[in-house]
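Student: Turn this into a model:
(one chain, ligands or ions: 1)
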Amino acid sequence: MQKNCIILASGNGSNALNLIGKFYGRKNNGSSSINIVAVVSNVPNAPVVEKVRKNEPELPVFVIPFTHLSERDRFERELDDIIGKYNIDFIILAGFMRILSKEFVSKFSRKIINIHPSLLPAFKGRDSIKRAYGYGVKYTGVTVHYVTPEVDSGEIICQEVVKIEDNDDIDSLEAKVHSIEHKIYPIALKSIIGDVVYKS
Ligand code: GAR
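Tutor: Residues are numbered from 1 along each chain as shown. A predicted model of the protein is given here:
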């Protein structure tokens with residue numbers, strides 16, 4: 001039985017596009033239990049909005065502005081309406097850079113999944129790749145986890161390590177982290193929404 005999923009994204013959209021490429025409509029062809037049915041961005045001019053509309057003109061993309069905390073209630077109300085309208089089973093955060101309220105997160109317990117560009121619990125929050133690089137750690141990585149009211153603290157679904165080589169700079173490290181994200185997020189999602197066992 002297919003599960004309807006909505007993607008929330010705020011930025012460039014590389015993870016969103018990667019997931020759409022695997023789990024949307026005709027590409028998915030009913031072969032996966034994951035079915036992406038809509039995308040929501042809180043940032044009107046985020047590249048993800050234009051990229052998804054260009055690549056998949058029939059996939060609904062909603063923009064619900066949410067920059068300041070004062071906009072969160074309205075954002076969550078409108079998101080809730082979309083979730084109801086599209087019978088959403090899972091909410092997939094793909095570079096969504098806002099914190100959802102405790103009430104909203106509790107309502108969708110174990111139904112909201114996030115990808116974070118570090119080995120949590122290290123480097124929670126923003127600019128995690130830059131901070132890991134700046135700290136001088138030798139290994140960083142990627143974590144996929146359930147979203148709970150405490151930021152970047154929910155149960156870990158899977159992690160993969162990225163080694164920081166002496167000749168890495170911030171650009172090469174970001175590229176390595178993103179490429180691991182694109183590899184493990186689809187697998188992690190299948191492992192909880194579908195029937196694939198994740199092995200790192
Ligand atoms: C990704 O690296 C994702 O892990 C990170 O934002 C980037 C979005 O890139 N998310 C967070 O930092 C969440 N705390 P993308 O827009 O190209 O997918």
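Student: so how far is the ligand from residue 117?
Tutor: Remark: distance between residue 117 and the ligand (C-beta to the nearest ligand atom, to the nearest Å) = 4 Å. C-beta here means a position set from N, CA and C on the backbone, and glycine is covered the same way.
Student: What count of nearby residues applies to that residue?
Tutor: 24 (other C-beta atoms under 10 Å).
Student: Residue 130 too?
Tutor: Neighbours of residue 130 (other C-beta under 10 Å): 14.
Student: which non-adjacent residue is nearest residue 173?
Tutor: residue 133 (5.4 Å; C-beta to C-beta, 6 or more residues apart in numbering).
Student: ok, that neighbour touching residue 170?
Tutor: Yes. Counting by C-beta atoms under 8 Å, residue 170 is a contact partner of residue 133 at 5.2 Å.
Student: Between these two, point out the one with more neighbours.
Tutor: Using other C-beta under 10 Å, the more surrounded residue of residue 133 and residue 170 is residue 133, with 20 against 12.
Student: A helix includes the more buried one, no?
Tutor: Yes. Under DSSP: H, G, I helix; E, B strand; the rest coil, residue 133 falls within a helix.
Student: Check the burial of residue 91 by counting its neighbours.
Tutor: 22.
Student: my guess is it contacts residue 4, does it?
Tutor: No. Counting by C-beta under 8 Å, residue 91 sits too far from residue 4 to count as a contact (10.3 Å).
Student: Remind me what whichever helix in the chain runs longest packs against, helices and strands.
Tutor: Longest helix in the chain, counting residues (DSSP state H): helix 170-193. On a contact count with 3 or more C-beta pairs under 8 Å, 6 or more residues apart in numbering; DSSP states H and E, helix 170-193 meets strand 3-9, helix 14-23, strand 34-41, strand 90-93, strand 112-116, helix 128-135, strand 139-146, strand 156-163.
Student: Name the helix or strand for the residue in the chain positioned nearest to the ligand, please.
Tutor: Residue nearest to the ligand within the chain: residue 95 (2.6 Å; C-beta to the nearest ligand atom). Here residue 95 is covered by no helix or strand, with elements defined by DSSP states H and E.
Student: can you tell me how far it sits from residue 138?
Tutor: 25 Å (C-beta to C-beta, to the nearest Å).
Student: So if I had to pick from these two, which one is more boxed in?
Tutor: Neighbour totals were compared for residue 95 and residue 138, and residue 95 leads with 21 against 9 (other C-beta under 10 Å).
Student: Quick check: phi and psi at that one.
Tutor: Per-residue torsions, residue 95: phi 70, psi 40 (degrees, to the nearest 10).
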